[in-house]
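K.L.:
no sequence on this one, just coordinates:
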Ligand SMILES: Nc1ncnc2c1ncn2[C@@H]1O[C@H](COP(=O)(O)OP(=O)(O)OP(=O)(O)O)[C@@H](O)[C@H]1O
C-alpha cells in the first residue's frame, strides 16, 4: 500500500497521532488518547470479533463468501471520547469487485473513520471487515500489496519532478523504473511528469498521488475525498483518471459528499448517515427506485389519505400538490390517477420526477438527522420514508 502518509506508522498510537485533519484540536486529541487507552483494555474481545466473515447475516451472499466482493463490512462500530461520540454505529457495507463505488455521507457521518479502520489506521470497537476476502485488520499483511489508498494528504516533494517523486517511492519498494513510466501514463501525467511538483495544479498533484498508489499494481484503490478542494477542471481530470482505473478492471472506492460529481463517475453507491448505512445499490437502481410523481389535486388531504391507503407514500408541501413515492419502485402516474379516480378525486396534473443522486442523498440524510434530533415523525417533501408518518 502506498501514498498515505500514515501508512508507514505501525504503532496504533503513533498512527493516530499523525491524523492531521479530523478531531485535530488539542481537546479532541486528548479525548482520542483516552479512547486508545480504553480500547486497549478490550482488545482481546475486539480481536475475537474481527476474525472473519460475518455470521449474523446468513442469507446475504457476501456473508457466505466475502471473497466475491472487494470489501465487506458488518456491524462495524467506533466511538470516541469514551463512548460519547459514536463515529460509526453498526455499519454494514458491501463493495462489489470492479467499478467505482462511492461511499457517501454528510460531514461527520463516519466515512473517514470507516476507511481508517479498514486500513488498520485506527481500531474498531466491534464488527467484521474483509478486503478481497481477507479478514482485516488481522490479515492486512496478506492483502496489503493488493490495496492502494489515499486517506490523508500524501507527502510529495515539491522541489522534485512528479516522475522523480515516483522513482523515489518505487525504489523504496524495489520496483523497476519502467513501472514509474507505466503509472504516469495511467493517470495521464505524461507531458508534465518531468516538471517540478510545486508548479502542479491541485488536480495534477492528486493524479500524482493516485499514480503513487498504482506503483504496486493494486486491485483495490481507496481514496478519501479525492476531488476535495479541486476546481471543476481538476475534478474532471481526477474523474477521468478514476473511471479509467475502473475500466481497467480495478475496484475504486471513493468517499465523497460531492453528489453531482459522484453521479458522473460511480457505478455503485452506499449512503451513510450518522455512522449507519441508509441505502446501497447501483446508481441507476437508487435513482429509479427513488422516482416520484408530483400530483396537483384538491383536496390534497383526501388525496393523501387515498394514496397512503393504497400503499403509496405521500409528502405535502402546503400547496395543492402532493409528491407521491413508493417503497419498492418508482410509482406509475396512470396507477396513481386510477387510485385517485376510485376515490372520486381528479388530478389536474401528474408529473414524473426523476431525482438526482443529490435529491436521494439529501432526503435520506436529512431525515436521519432530524429524526435523531427530534424523535418526531416528520414529513419531508419528496422523502418516501418520512412521508407516510405525516400523511397517515
Ligand atoms: N480522533 C477523533 N477524536 C474524536 N472524535 C473524532 C475523531 N475522529 C473523528 N471523530 C468524530 O467522529 C465523527 C465521524 O467523523 P469522520 O471524520 O469519520 O466523518 P466523515 O464522514 O469522514 O466527515 P467529513 O466528510 O467531514 O470528512 C465526527 O463526529 C467526528 O467529529
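P.N.:
It's in. All values reported here derive from a predicted model rather than from experimental measurement.
K.L.:
where does the protein dip in pLDDT?
P.N.:
Low-confidence segments of the chain, defined by pLDDT under 70: 1-66, 366-392.
K.L.:
Now do the same contact list for residue 245.
P.N.:
186, 210, 214, 221, 252 (Cβ atoms under 8 Å, 6 or more residues apart in numbering). For glycine as for every other residue, the C-beta is placed from the backbone atoms N, C-alpha and C.
K.L.:
and it, what element?
P.N.:
Assessed by DSSP states H and E, residue 245 sits inside helix 232-247.
K.L.:
Could you check what's spatially nearest to the residue most central in space within the chain, not counting adjacent residues?
P.N.:
The centroid of the chain falls nearest to residue 103 when counting by Cα atoms, centre = their mean (0.9 Å). What sits nearest to residue 103 in space, not counting adjacent residues and going by Cβ to Cβ, 6 or more residues apart in numbering, is residue 255, at 4.4 Å.
K.L.:
hmm, the helix or strand hosting the one you found touching the ligand?
P.N.:
Per DSSP H and E: residue 255 is located in strand 251-256. No. No part of strand 251-256 sits near the ligand under the criterion Cβ under 6 Å from any ligand atom; the closest distance found is 6.5 Å.
K.L.:
so what secondary structure elements neighbour that strand?
P.N.:
Contacts defined by 3 or more Cβ pairs under 8 Å, 6 or more residues apart in numbering; DSSP states H and E place strand 251-256 against strand 69-80, strand 85-96, strand 99-104, helix 111-118, strand 220-224, helix 232-247, helix 259-265.
K.L.:
still on that earlier bit, what residues sit buried inside the helix holding residue 245?
P.N.:
234-235, 237-239, 241-243, 245-246 (16 or more other Cβ atoms under 10 Å).
K.L.:
Check the gap between residue 182 and residue 189 for me.
P.N.:
Distance of residue 182 to residue 189, given as Cβ to Cβ, to the nearest Å: 12 Å.
K.L.:
swap that for residue 362, please
P.N.:
Residue 362 is 35 Å from residue 189, by Cβ to Cβ.
K.L.:
Between the two, tell me which one has more neighbours.
P.N.:
residue 189 (23 against 17; other Cβ atoms under 10 Å).
K.L.:
what's the domain layout of the chain?
P.N.:
The record's domain split for the chain, according to automatic domain parsing, is 5-285, 290-391.
K.L.:
distance between the last one and the chain's centre?
P.N.:
The chain centroid and the centroid of domain 290-391 are separated by 27 Å under Cα atoms, centre = their mean, to the nearest Å.
K.L.:
Check whether that domain comes into contact with the ligand.
P.N.:
No. Applying Cβ under 6 Å from any ligand atom, one finds domain 290-391 out of contact with the ligand, separated by at least 10.7 Å.
K.L.:
In the helix or strand hosting residue 178, which residues are buried?
P.N.:
Assigned by DSSP H and E, residue 178 belongs to helix 177-186. Within helix 177-186, the residues scored as buried using 16+ other Cβ under 10 Å are 179-180, 183-184, 186.
K.L.:
Apart from its neighbours in sequence, what residue is nearest residue 328?
P.N.:
Leaving aside its chain neighbours, residue 328 sits nearest to residue 289 (7.3 Å; criterion: Cβ to Cβ, 6+ apart).
K.L.:
mind checking how far the one you found is from the ligand?
P.N.:
Per Cβ to the nearest ligand atom, to the nearest Å, residue 289 is found 24 Å from the ligand.
K.L.:
again with residue 127
P.N.:
Going from residue 127 to the ligand by Cβ to the nearest ligand atom gives 15 Å.
K.L.:
Residue 326 now?
P.N.:
In terms of Cβ to the nearest ligand atom, residue 326 sits 30 Å off from the ligand.
K.L.:
same thing with residue 108?
P.N.:
For residue 108, the distance to the ligand - Cβ to the nearest ligand atom - is 4 Å.
K.L.:
before we move on, what about residue 151?
P.N.:
10 Å.
K.L.:
export the buried residues of helix 177-186 to a markdown table and tack on distance to residue 332?
P.N.:
Listed next are those as a markdown table, based on distance: Cβ to Cβ, whole Å:
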| residue | distance to residue 332 |
| --- | --- |
| 179 | 54 |
| 180 | 55 |
| 183 | 49 |
| 184 | 51 |
| 186 | 45 |
